[in-house]
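Asker: Provide a 3D model corresponding to the input given below.
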Amino acid sequence: MATTPSPAAPLRPLKGVRILSLALNLPGPAALMRCHAMGATCLKLEPPAHPAAPRGASGDPMALYARVAYDAMHQGVKTLSADLKTEPGRKVLQRELAKADVLLTSFRPSALEKLGLGWKALHKAYPQLSMVAIFGATGARAEEPGHDLTYMTENDLVPGLELPASLYADMGGSLMVSEAILQTRLHQLQRGKSVRLEVALSDAAAYLGLPRAWGLTTPGAAVGGGHAGYRVYACKDGRVALAALEPHFAAALAEAAGLADSRIQTLFTPAAHAAIAGFLAGKTRKQLNALALAKDIPLHTLQ
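Answerer: Residues are numbered from 1 along each chain as shown. Model (predicted):
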């Protein structure tokens with residue numbers, strides 16, 4: 001009798017790698033969460049909590065305004081409080097730097113220098129240590145203030161007045177950070193040397209914005225609302241996200257909607273948009289879910 005194979009054990013390419021993080025808020029902790037899942041031993045030094053914060057509060061602002069997110073990102077991560085502006089705090093930092101393989105920071109370049117964490121001095125004192133530095137932007141802009149929303153906006157990813165549904169630049173940046181940490185590990189294995197890498201949240205936003213820069217998602221483009229099979233429509237009791245873009249999906253949609261012509265160019269016409277909108281408006285979510293299964297049409301219904 002055949003048995004269902006058990007899921008493969010997760011890969012742990014960072015097993016044995018010790019990461020010391022000084023990065024607060026979202027990108028650094030989110031990257032640390034991913035690195036812990038890949039087997040890394042993760043320690044985070046946090047500044048003392050603000051005097052106005054509740055007793056026992058963390059020094060990371062994320063713990064104050066989004067505790068659920070903070071807790072999720074710090075599962076399996078050891079945290080210590082250390083005021084790096086004081087001698088005792090610097091001693092804690094030096095002790096942990098001596099044991100770490102990778103240092104993760106999110107300070108501006110000037111702040112790193114003030115803390116004695118410039119790469120030249122750091123590499124001399126701890127030659128085994130690699131570094132991944134998170135900045136808002138690179139080069140001359142590294143000292144500029146900015147945030148997820150500003151980097152998204154400058155890459156044309158906030159077209160209206162509504163806020164984006166997620167912190168895309170921060171989360172995209174966290175993926176780049178975990179990738180950079182893996183790169184430091186490969187570099188150490190291949191060349192036996194530590195290395196310093198930078199990750200800019202503005203670069204993460206620019207990468208996420210490439211489809212728009214290429215013209216794929218600009219208004220009227222195939223996935224920018226121009227193709228009648230790739231849009232969000234109203235249905236009888238909610239909404240439906242329709243993604244019938246490829247010719248065989250588009251043909252199935254056109255047939256279901258009663259369009260006589262299912263050629264690709266036809267689905268860019270106002271008549272096709274009107275016909276599909278009218279067809280979907282008369283269907284319930286339950287009916288559309290059944291249609292998707294019966295006709296192999298990619299869609300997702302929403303309340």
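
Asker: where exactly do the strands run in the stretch 201-303 of the chain?
Answerer: Taking DSSP state E, counting those that start in this stretch as the test, the strands found in the stretch 201-303 of the chain are 230-235, 238-243, 299-302.

Asker: out of those, the one nearest residue 78 is which?
Answerer: Distances from residue 78 to each of the strands of the stretch 201-303 of the chain were compared by CB to CB, and the smallest falls on strand 299-302, at 39.8 Å. Backbone N, C-alpha and C define where each C-beta goes, glycine included.

Asker: with residue 43 as the reference, name the closest of the strands of the stretch 201-303 of the chain.
Answerer: Between residue 43 and these, the tightest spacing by CB to CB is seen for strand 299-302, at 40.6 Å.

Asker: list the contacts of stretch 266-281.
Answerer: With contact meaning CB atoms under 8 Å, 6 or more residues apart in numbering, stretch 266-281 is reached by 226-229, 231, 233-236, 240, 242, 250, 253-254, 256-259, 288.

Asker: same thing with stretch 200-219?
Answerer: 27, 134-138, 141-142, 146, 148, 151-152, 154-157, 168-170, 172-173, 175-176, 221-226.

Asker: just the buried subset of those residues, please.
Answerer: Those of the contacts of stretch 200-219 that meet the buried threshold are 27, 134-137, 142, 146, 148, 151-152, 154-155, 157, 168-170, 172-173, 175-176, 221-222, 224, 226, by 16 or more other CB atoms under 10 Å.

Asker: in strands, which of the contacts of stretch 200-219 appear?
Answerer: Judged by DSSP state E, these include 134-135 as members of strands.

Asker: in helices, which of the contacts of stretch 200-219 appear?
Answerer: Secondary structure of the contacts of stretch 200-219 is defined by DSSP state H; positions in helices are 27, 148, 151-152, 154, 168-170, 172-173, 175-176.

Asker: next, format the strands of the stretch 201-303 of the chain as CSV and append mean neighbour count and distance to residue 18.
Answerer: As requested, the strands of the stretch 201-303 of the chain are arranged in CSV below (neighbours: other CB atoms under 10 Å; distance: least, CB to CB, whole Å):
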stretch, mean neighbour count, distance to residue 18
strand 230-235, 17, 46
strand 238-243, 17, 43
strand 299-302, 16, 42
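
Asker: could you dump these into TSV with distance to residue 91 and mean pLDDT added?
Answerer: Below are the strands of the stretch 201-303 of the chain laid out as TSV (distance: least, CB to CB, whole Å; pLDDT from 0 to 100):
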stretch	distance to residue 91	mean pLDDT
strand 230-235	56	97
strand 238-243	55	97
strand 299-302	54	96
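
Asker: pipe those strands into TSV and attach distance to residue 209 per row.
Answerer: As requested, the strands of the stretch 201-303 of the chain are exported to TSV (distance: least, CB to CB, whole Å):
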stretch	distance to residue 209
strand 230-235	19
strand 238-243	20
strand 299-302	24
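
Asker: quick one, which of those strands is nearest to residue 263?
Answerer: strand 230-235 (15.7 Å).

Asker: how far off centre is the closest one?
Answerer: Taking CA atoms, centre = their mean, to the nearest Å, one finds the center of strand 230-235 at 26 Å from the center of the full chain.
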